[in-house]
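Participant: Would you be able to build a 3D model of this:
(2 chains)
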Number of protein chains: 2
Amino acid sequence: MHHSLTKLSHADLLLQRLNIEEAQHTQRHAIGLILPNIRSLYNVGSLFRTADSALLSEIILCGYTPTPPRKEIEKTALGAVDTVPWRYMENTSDAIMHVKAQGATVLALEMTTHSRSYTSLVKEDFPLYIIPGNEITGVDADILQCCDGAIDIPMYGVKHSLNVAIATGIAVYEAVRIYRSLYIQP
Amino acid sequence: MHHSLTKLSHADLLLQRLNIEEAQHTQRHAIGLILPNIRSLYNVGSLFRTADSALLSEIILCGYTPTPPRKEIEKTALGAVDTVPWRYMENTSDAIMHVKAQGATVLALEMTTHSRSYTSLVKEDFPLYIIPGNEITGVDADILQCCDGAIDIPMYGVKHSLNVAIATGIAVYEAVRIYRSLYIQP
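Facilitator: From the prediction side, this is the model:
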C-alpha cells in the first residue's frame, strides 16, 4: 500500500536545492573529475550537469576537451557551467600530479588488468578525482600510469561499454553514496 | 602503490562478456524498464545500451516512445536493440498492471511527496520495474497513481534534474548492485 504520490512542484524543488550563491559557498563533496580529451560538446555539457547534481568539487578540463562558453555545452549543461567550479589545464598528467600533490587519489574509470569495482571505494580514496576515458580510446596508457589505480563498472551484457557520460554518472553517484556514508551520514 | 595498469584488450573484453546467443539464454537481472512517452530517439538508444550493460530483464516501450528499428536509436544503442528483450505496449497503465499482476514491483523514478532514496531497495522490491520520467514533464500523475511507489536520486546542487538516460543509468546500476548483493553474491 502506498500513499497517494504527488509530484513535487517547482516551488517545492526550489526550496530543496541550493541557489547559485549558496553553491559557491557550500562544502562540496571531495570528489572531482579530470576530463582528458573528451571530444563531444554534449558529453562535456552533460558531465557539468551531473557534477552540479552530485555537488562535485570541480571539473578539470584537459587536452582537446572543449571548455565553456560554447552553446552546445550549454545545451546539455543547462546552466551548470555557472555552478560547478572548473578550470582548464592543457596537460592531463600535470593535472593529475597537481591534485595528487594536494593529497588526492586519482582513479581512472577504465577496464584494466588491475581495476577494482567502482563500488569498492574506502575512506583512503578521498579526496578523489575520477578520470573517465575518451569516447573512442578510453584512458590512454600514459595517463593510466600517472593514476593511483583504476575502477570499473561491471558489464554484464553483450556490449562492452557504456556512454561516457552515463558511466561517469554511475561512478560519481556511487562515490558520493560511499563518501556520504563515511563522512556525512552517521 | 599500484601495479602497472594495462588496459584490457578487445580480445580480453570479448572473453569476459556474453555473446548474443548466450545473452538470449542467460538468467537476467530481475529489473526492467517501462518507458512512458520518452521522446528522444537518442535517449531510447542510450537506455537500450545501458539495459544491455546492466543485463536488465526487458524494456517495455509505451505511448509515443519510439521503437526500433530507427537509425537514430541504433546510433546510441550500438547493437543493444538486438540483445535486450523489448516489447511495445501502447498504454503505460496497462503495462504497469500487466507486470504487477505477474508479481513485480513498479517504482517511478521521480521526486514526489513520498519518494524514497534510490539506494533503499530491499528484497521485497524485486522483481522490479523502474519508470523514468519523460524528458520535460517527468512521470505523469495518472501513471504515478498506478505505481507501487517512487524512488529518487538526491539532487545536491543548484539544478533540479539529471538527463533521463543518466538518471536511469544511476538508478539501474544501484538496483543491480543491491539485487546482486541479495541474490548472487553471498
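Participant: Can you classify the most centrally placed residue in chain A as helix, strand or coil?
Facilitator: Geometric centre of chain A, nearest residue: residue A:33, 4.5 Å, by C-alpha atoms, centre = their mean. State at residue A:33, reduced to three classes by DSSP: H, G, I helix; E, B strand; the rest coil: strand.
Participant: Chain neighbours aside, what residue packs nearest to it?
Facilitator: residue A:59 (4.8 Å; C-beta to C-beta, 6 or more residues apart in numbering or on different chains). Any C-beta I mention is one placed from the backbone N, CA and C, and that applies to glycine too.
Participant: mind listing the strands for chain A?
Facilitator: A:31-36, A:59-62, A:86-89, A:105-109, A:116-117, A:128-132, A:149-152 (DSSP state E).
Participant: Paired strands for the fifth one, with orientation please.
Facilitator: Strand A:116-117 has its sheet partners listed here by DSSP bridges as strand A:149-152 (parallel).
Participant: Check the longest one too.
Facilitator: Next to strand A:31-36 in the sheet, as set by DSSP bridges, lie strand A:59-62 (parallel), strand A:128-132 (parallel).
Participant: just to revisit the earlier point, surely the residue nearest to residue A:33 touches residue A:85?
Facilitator: Yes - checked against C-beta atoms under 8 Å, the pair residue A:59 and residue A:85 is within contact range at 7.5 Å.
Participant: higher neighbour count, those two?
Facilitator: residue A:59 (25 against 14; other C-beta atoms under 10 Å in any protein chain shown).
Participant: The more buried one: what's it in contact with?
Facilitator: A:32, A:33, A:34, A:35, A:47, A:48, A:51, A:84, A:85, A:86 (C-beta atoms under 8 Å, 6 or more residues apart in numbering or on different chains).
Participant: now do 7 Å
Facilitator: Residues in contact with residue A:59, defined by C-beta atoms under 7 Å, 6 or more residues apart in numbering or on different chains, are A:32, A:33, A:35, A:47, A:48, A:51, A:84, A:86.
Participant: Roughly how far does residue A:141 sit from chain B?
Facilitator: 7 Å (C-beta to the nearest C-beta, to the nearest Å).
Participant: what bridges to the nearest residue to that residue once chain neighbours are set aside?
Facilitator: Leaving aside its chain neighbours, residue A:141 sits nearest to residue B:7 (6.7 Å; criterion: C-beta to C-beta, 6+ apart). Beta-bridge pairing for residue B:7 (DSSP bridges): residue A:112.
Participant: hang on, residue B:7 packs against residue A:138?
Facilitator: Yes - using C-beta atoms under 7 Å, residue B:7 is in contact with residue A:138, at 6.1 Å.
Participant: who touches both of the two?
Facilitator: What both residue B:7 and residue A:138 touch, as defined by C-beta under 7 Å, 6+ apart, is the set residue A:110.
Participant: List the buried residues in stretch A:119-137.
Facilitator: In terms of neighbour count (16 or more other C-beta atoms under 10 Å in any protein chain shown), stretch A:119-137 has its buried residues at A:119, A:121, A:125, A:126, A:127, A:128, A:129, A:130, A:131, A:132, A:133, A:134.
Participant: where in chain A is pLDDT low?
Facilitator: Counting by pLDDT under 70, the ranges of chain A that qualify are A:1-3, A:185-186.
Participant: Which parts of it are helices?
Facilitator: For chain A, applying DSSP state H gives helices covering A:10-16, A:20-25, A:41-53, A:71-77, A:92-101, A:141-144, A:164-183.
Participant: Many thanks, we can stop here.
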